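[1] Sequence plus the predicted model coming up.
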Amino acid sequence: MDGDIADLHSKPQGYYEGERTDMLKYIPQGTRTTLEFGCGCGGFSHLMKKKLGTEAWAVEIDPAAAQEASRKLDKVIHADALASMADIPDDYFDCVIFCDILEHLTDPYSLLLAVKPKLTRNGVVVASIPNIRYYRKFVKFVVHGDWQYEDQGILDKTHLRFFTRRSIVATFERLGYGILVIEGMHPTSSRTYRWLNAILFNALADVRYLQFAVVAKPRAGSSGA
């Protein structure tokens, strides 16, 4: 069997180490307690501790990354996301964070339901989610018929779910969340894209972005898992 297919969990050096400074602006002012799923080595949660003074919890399934994160954060749970729920207090976190993690899960929907009781009254979920319709990938699989899995990126070989802007909105709304912010990140610089989108009267507006950032809050009366 091809090694790239057999070893689905091998990752290039540095994969777990990013700080994700681009996501800091989506953390609401006044956030004091955070819970990050798939924190890697803890870069983003550590950044929030330094910049915002938060109490930072995290869940990480990779043992080496979890060990490294535990040196930086207040509490790190080494477990599968859903299996960690029993160790996470209810009504405690101002912000639950998913930086490019929901697409790796077999059942991200149950996890989004399960975290609702963990949020404080005004707590929110903050997520970054890759856009499968991103222009450069869109051209490859729509025009050229080329769908090749890679070590990282939108077609990361460990991605199990794929999202568009429309499906992101539908997912959160179906699970009882109201979306406060949805914003494209890391736009393509392609001139061809701009020309094509213009002649199609902005019908490809979402295709411009590599990812979408989402801030969502459970609607009043919506229940968790």
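    Done, it's in. From a predicted model like this one, the values you see are computed outputs, not experimental measurements.
[2] C-alpha from now on. contacts and neighbour counts both.
    Will do.
[3] all helices for the chain, in order.
    Along the chain, counting by DSSP state H, helices occupy 3-6, 43-52, 63-70, 108-114, 135-138, 165-174, 191-199.
[4] Hmm, K118 is touching S84, no?
    No: with contact defined as CA atoms under 8 Å, K118 does not count as touching S84 (11.8 Å).
[5] Between these two, point out the one with more neighbours.
    K118 (20 against 16; other CA atoms under 10 Å).
[6] how about that one, what does it touch?
    By CA atoms under 8 Å, 6 or more residues apart in numbering, K118 lies in contact with 88-93.
[7] hmm, 6 Å instead?
    Under the criterion of CA atoms under 6 Å, 6 or more residues apart in numbering, the neighbours of K118 are 90-92.
[8] Need the pLDDT of it.
    For K118, the model assigns a pLDDT of 98.
[9] just the one 4 residues further on next, same as before
    At N122, the model reports a pLDDT of 95.
[10] How much space separates it from C95?
    Counting by CA to CA, to the nearest Å, the gap from N122 to C95 is 9 Å.
[11] Neighbour count for the two, which is higher?
    Neighbours were counted for N122 and for C95 using other CA under 10 Å; C95 has more, 26 against 12.
[12] re earlier: which one of the helices of the chain lies nearest to G184?
    G184 lies closest to helix 165-174 among the helices of the chain, at 8.7 Å (CA to CA).
[13] ok, back up a step: which stretch among the helices of the chain comes nearest L210?
    Each of the helices of the chain was scored for nearness to L210 using CA to CA, and the closest is helix 135-138 (7.9 Å).
[14] Centre of the chain to the closest one, how far?
    Centroid separation between helix 135-138 and its chain, computed with CA atoms, centre = their mean, to the nearest Å, is 20 Å.
[15] count of neighbours near G123?
    Counted by other CA under 10 Å, the residues lying close to G123 total 23.
[16] go on, G145?
    10.
[17] what's the answer for the one 5 residues further on, then?
    As a burial measure, E150 scores 14 neighbours (other CA under 10 Å).
[18] Who are the contact partners of it?
    Contact partners of E150, counting by CA under 6 Å, 6+ apart, are 156-157.
[19] Give the bridge partners for it, please.
    Beta bridges link E150 to D156 when assigned by DSSP bridges.
[20] any idea of the pLDDT on it?
    For E150, pLDDT reads 90.
[21] So for stretch 140-160, what gets flagged as buried?
    Neighbour-count burial for stretch 140-160 flags 151, 154-159 (criterion: 16 or more other CA atoms under 10 Å).
[22] Next: stretch 23-42.
    Judged by neighbour count using 16+ other CA under 10 Å, the buried positions of stretch 23-42 are 23-24, 26-27, 31-42.
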